[in-house]
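>>> Generate a structure from the sequence data that follows.
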Amino acid sequence: MIMKLFSNSSRSRERFLEAILQSAIEYAIISTDLDGLVTTWNEGARRILGWDEAEIIGKPAAVIFTEEDQQAGILQREMTAALTEGHGNDERWHVRKDGSLFWASGQMMALTTDDGEVEGFVKILRDQTEQRENEERQRVLMHELSHRMKNTLTVVQAITSQSFRNASSIEDAEQAISARIGAYAKAHDILLQQNWLGTTMATIVGATAVNLGLETSGRFKASGPAVELGPQAALCFSLVLHELVTNANKYGALSADSGTVEIDWSVRGQAGDKRLNFRWREVGGPAVEAPSKKGFGCRLINSSLSAFGEVTVDYAPTGFVLSLDASLQKLQFKTYSDAEE
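Numbering: from 1, shown residues only. Here you go, the predicted model:
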């Protein structure tokens, strides 16, 4: 009678442990013999890895490792660590039945008999792919934010120092700095509204007109197809257009009552090799003469746009003309990391 009760108790305990094993569906719990052949395979392992218990029992546990890790003997290393250190840590890519990869985190430990003899190993792992992807996105975002901050500080520093260098008075410098940073800040606002994915050429041109009170003026004309600009290009065009309008107001077409500014752009070329043709043209203003000395605005326009393509400037007597022949691919880079590549 006592033996029967003991036997029933053992079976109950086994059923209880089996229930726990199979209910841990978020974890793949796999046991192997000393040769690395699978001896148990819980429901979590089936859900995560794809193999049913019947088709994986007796097969090498190494099938869940990538080919590179199999050749490197990673499973054997984990077994050795489990024997010598008590556990073998696991942070690596694993392979599902369908061949897809997932990032797993887990441990391997030795299984021992009541006498202390090692009879196999148990490996417990969890699918951490989503967490890893989130961490990777966070890393990329932080990297991108760092670039943006450095780039913004560099631009503001250049605006400030060059504005003071070329100003005739403190008041002129303050006004120039405020206007330039205002144009740059407006572009940042536009990009933030689009989750920093970029914006269109028309949006940047329209924002320039609004910033300078020209949105309802017939003297500021713009036309062109829908063209997406990446963040860097959008910021660049915001500063460049601000400088062009400022110069046109002071010295060019907008300084005369009958003068106008015409902006147009178009796209040419085949897929994979498209180029943007952008043109700024002033008409009806005073006679134009090439400046004897290039100021900050002129240098900023040339250096900013030349990063994307070929810049042509024509100080024609009938009106100033600026043209840009640029790679559309460069203009549409989404991140600073893309631009570095």
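
>>> show me where the stretch 1-150 of the chain has helices.
For the stretch 1-150 of the chain, helices defined by DSSP state H, counting those that start in this stretch occupy the ranges 2-23, 43-49, 53-56, 67-71, 74-85, 129-166.

>>> tell me the contacts of residue 41?
By C-beta atoms under 8 Å, 6 or more residues apart in numbering, the residues touching residue 41 are 30, 51, 53, 56, 57. The C-beta positions use only the backbone N, C-alpha and C, and glycine is treated the same way.

>>> residues near the last one, how many?
For residue 57, the number of neighbouring residues by other C-beta atoms under 10 Å comes to 13.

>>> Same question for the second one.
Burial of residue 51, expressed as a neighbour count using other C-beta under 10 Å, amounts to 18.

>>> Residue 40 now?
17.

>>> swap in residue 182?
Neighbourhood size, residue 182 [other C-beta under 10 Å]: 12.

>>> measure it to residue 169 for me?
Distance, residue 182 to residue 169, by C-beta to C-beta, to the nearest Å: 19 Å.

>>> for residue 329, same thing?
Between residue 329 and residue 169 the distance, using C-beta to C-beta, works out to 44 Å.

>>> Comparing these two, which residue is more hemmed in?
More crowded of residue 329 and residue 169, by other C-beta under 10 Å: residue 329, with 14 against 8.

>>> Pull the contacting residues for that one.
residue 274.

>>> Show me the shaky parts of the chain.
Along the chain, the model assigns pLDDT under 70 to residues 1-24, 141, 143-156, 158, 162, 167, 194-196, 295-297, 334-341.

>>> In it, mark out all the strands, start to finish.
Per DSSP state E, the chain carries strands over the ranges 28-32, 38-41, 88-95, 101-112, 118-127, 199-200, 220-223, 228-229, 260-268, 275-283, 309-316, 319-327.

>>> got a markdown table for those, with distance to residue 303 too?
Conversion of the strands of the chain to a markdown table gives the following (distance: least, C-beta to C-beta, whole Å):
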| stretch | distance to residue 303 |
| --- | --- |
| strand 28-32 | 56 |
| strand 38-41 | 64 |
| strand 88-95 | 44 |
| strand 101-112 | 44 |
| strand 118-127 | 49 |
| strand 199-200 | 22 |
| strand 220-223 | 23 |
| strand 228-229 | 18 |
| strand 260-268 | 20 |
| strand 275-283 | 16 |
| strand 309-316 | 9 |
| strand 319-327 | 13 |
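
>>> Which one of these lies nearest to residue 65?
In terms of C-beta to C-beta, the element of the strands of the chain nearest to residue 65 is strand 88-95, at 6.5 Å.

>>> List the neighbours of that closest one that are in contact with it.
Under C-beta under 8 Å, 6+ apart, the answer for strand 88-95 is 49, 63-66, 69, 74, 77-82, 101-109, 123, 125.

>>> Give me the buried subset of these.
Burial by neighbour count, 16 or more other C-beta atoms under 10 Å: within the contacts of strand 88-95 this picks out 49, 64-65, 69, 74, 78-79, 81-82, 102-104, 106-109, 123, 125.

>>> Show me what residue 31 is bridged to.
On the basis of DSSP bridges, residue 31 takes part in beta bridges with residue 40, residue 122.

>>> OK, contacts around it?
For residue 31, the contact set (C-beta under 8 Å, 6+ apart) comprises 38, 39, 40, 111, 120, 121, 122, 123.

>>> so which of these is the most crowded?
Using other C-beta under 10 Å as the neighbour criterion, residue 123 leads the contacts of residue 31 with 25 neighbours.

>>> For residue 95, see how far away that residue is.
Distance, residue 123 to residue 95, using C-beta to C-beta: 14 Å.

>>> so where do the helices sit in the stretch 201-341 of the chain?
For the stretch 201-341 of the chain, applying DSSP H, counting those that start in this stretch gives helices covering 201-211, 231-250, 296-305, 328-331, 336-340.

>>> In JSON lines: these, plus distance to residue 277.
Output for those, formatted as JSON lines (distance: least, C-beta to C-beta, whole Å):
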{"stretch": "helix 201-211", "distance to residue 277": "12"}
{"stretch": "helix 231-250", "distance to residue 277": "14"}
{"stretch": "helix 296-305", "distance to residue 277": "13"}
{"stretch": "helix 328-331", "distance to residue 277": "10"}
{"stretch": "helix 336-340", "distance to residue 277": "21"}
